[in-house]
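Participant: quick check, what structure comes out for this input:
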Amino acid sequence: MPAVSSPGGGPGGAAPALPRTWRPLGVRVAGVVLGAGLLACFALAWVGFDQETRDKFTAFQLGTLVFLGLLAFSVWFALVRCRVVAEPERLVVVNGYRRRELAWAQVVAVHLPRGAPWVTLDLADGSTVAAMGIQGSDGDRARRAVRELRSLVEQRSAS
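Facilitator: Numbers count the residues shown, from 1 in each chain. Okay, the predicted model is just below:
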C-alpha cells in the first residue's frame, strides 16, 4: 500500500506546529509561467503590429480582449488561492472562491490515492470534501503534507 493511502501519519508523522498552511506548488508555478508567457506573447504581437493594423481595432474588440484577459486572470487566481490551513481550533479548506471551515471532530480521514488529483477529506456525516490545496501532482511534497495532515487529524480528533 503506498504511503499516501496508509492509515496514520507514517514515518516522521509528528504533527506540525499550528497554524500550518499547505498550498499546491505545481499549479502556482505553471500558472505564473504560462500566464507570463501568454501575456508577453500578446504584448509582443501588439507591439509588432504597425500603426495601421492597431487602428483597425475597435473599442468593442479591445474591450473583448480585456474582458477575456480578466476572465483568464480570475480562473488563475482561483487556482492559486487554493489552500488547506490547519489552525488550533479548525481546519480551513479553500477551493477556488469557496471556503469551508471544519471543526477537527468533523474530519474523520485524509485520502490521496495514487493518481488522484488532490486530497479528499472524509467527514463524520458521511460526506467528503475535496482539498485542492494538496495536489497529487506535487509528488513527495503532497505525500509529506498528507502525513502531516493525518497526524493532525488523529491528534486533534482525539482531544
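
Participant: going forward, measure contacts between C-alpha atoms and count neighbours the same way
Facilitator: Noted.

Participant: okay, now the unreliable bits of the protein?
Facilitator: Residue ranges of the chain with pLDDT under 70: 1-13, 159.

Participant: could you chop this protein up by domain?
Facilitator: Domain ranges of the chain: 28-79, 83-158, per automatic domain parsing.

Participant: show me where the chain has helices.
Facilitator: With DSSP state H, the ranges of helices along the chain come out as 25-48, 51-55, 59-80, 140-158.

Participant: distance from the chain centre to the longest one, please.
Facilitator: Between the centre of helix 25-48 and the centre of its chain there are 20 Å (CA atoms, centre = their mean, to the nearest Å).

Participant: counting by contacts, list what that helix packs against.
Facilitator: helix 59-80 (3 or more CA pairs under 8 Å, 6 or more residues apart in numbering; DSSP states H and E).

Participant: show me what the helix it packs on packs onto, helices and strands only.
Facilitator: Applying 3+ CA pairs under 8 Å, 6+ apart, we find helix 59-80 packed against helix 25-48.

Participant: rerun at 10 Å
Facilitator: For helix 59-80, the elements it packs on are helix 25-48, strand 90-95, strand 128-135, judged by 3 or more CA pairs under 10 Å, 6 or more residues apart in numbering; DSSP states H and E.

Participant: can you redo these as CSV with mean neighbour count and distance to Gly69?
Facilitator: Formatted as CSV, the helices and strands packed on helix 59-80 follow (neighbours: other CA atoms under 10 Å; distance: least, CA to CA, whole Å):
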stretch, mean neighbour count, distance to Gly69
helix 25-48, 13, 9
strand 90-95, 21, 22
strand 128-135, 22, 24
